[in-house]
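*Asks:* what follows is a predicted protein model with its sequence.
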Amino acid sequence: QVQLVESGGGLVQAGGSLRLSCAASGRIFTTYGLGWFRQAPGKEREFVGSINWNGVITYYADSVKGRFTISRDNAKNTMYLQMNTLKPDDTAVYYCGTVRTPFTISRLEREYEYWGQGTQVTVSS
């Protein structure tokens, strides 16, 4: 059974920073791409960023490019999302997920198989 657990969310003022973590267990973590998605109230879940199995390739949504950075530590089975210069529009529940197919990376929600429970990020103006 694969488990993903997000942590690190909270309340921060606009312009501030947060680092989210996603700890994985129950699978050979190192061979799967990972991603971050978010869902704001009343909106669909949207792609934030993703990282391939060895951390060499990353994709970002245009809305976060230059502000957010994804990384992973395969020795710790953990992925991170460093979020800088946060804006009120970044307020959402943030989810991490693993892709279905080994050695792939994706921006598409349908290509993800397992998800965490989410962590709330609230950015005040």
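*Replies:* Yep, that arrived.

*Asks:* now the end-to-end length of stretch 70-84.
*Replies:* Taking C-alpha to C-alpha, to the nearest Å, stretch 70-84 runs 12 Å from one end to the other.

*Asks:* nearest the geometric middle of the chain, what residue?
*Replies:* Nearest to the mean C-alpha position of the chain, by C-alpha atoms, centre = their mean, lies residue 36 at 2.3 Å.

*Asks:* I'd assumed that residue was in a strand, is it?
*Replies:* Yes: under DSSP: H, G, I helix; E, B strand; the rest coil, residue 36 falls within a strand.

*Asks:* quick check: chain neighbours aside, which residue is closest to it?
*Replies:* Nearest non-adjacent residue to residue 36, counting by C-beta to C-beta, 6 or more residues apart in numbering: residue 48, 4.1 Å away. To be clear about C-beta, it is placed using only N, CA and C from the backbone, and glycine gets the same treatment.

*Asks:* and if you look at residue 68?
*Replies:* With sequence-adjacent residues excluded and distances taken as C-beta to C-beta, 6+ apart, residue 68 is closest to residue 83, at 5.1 Å.

*Asks:* distance of the one you found from residue 70?
*Replies:* Taking C-beta to C-beta, to the nearest Å as the criterion, residue 83 is separated from residue 70 by 10 Å.
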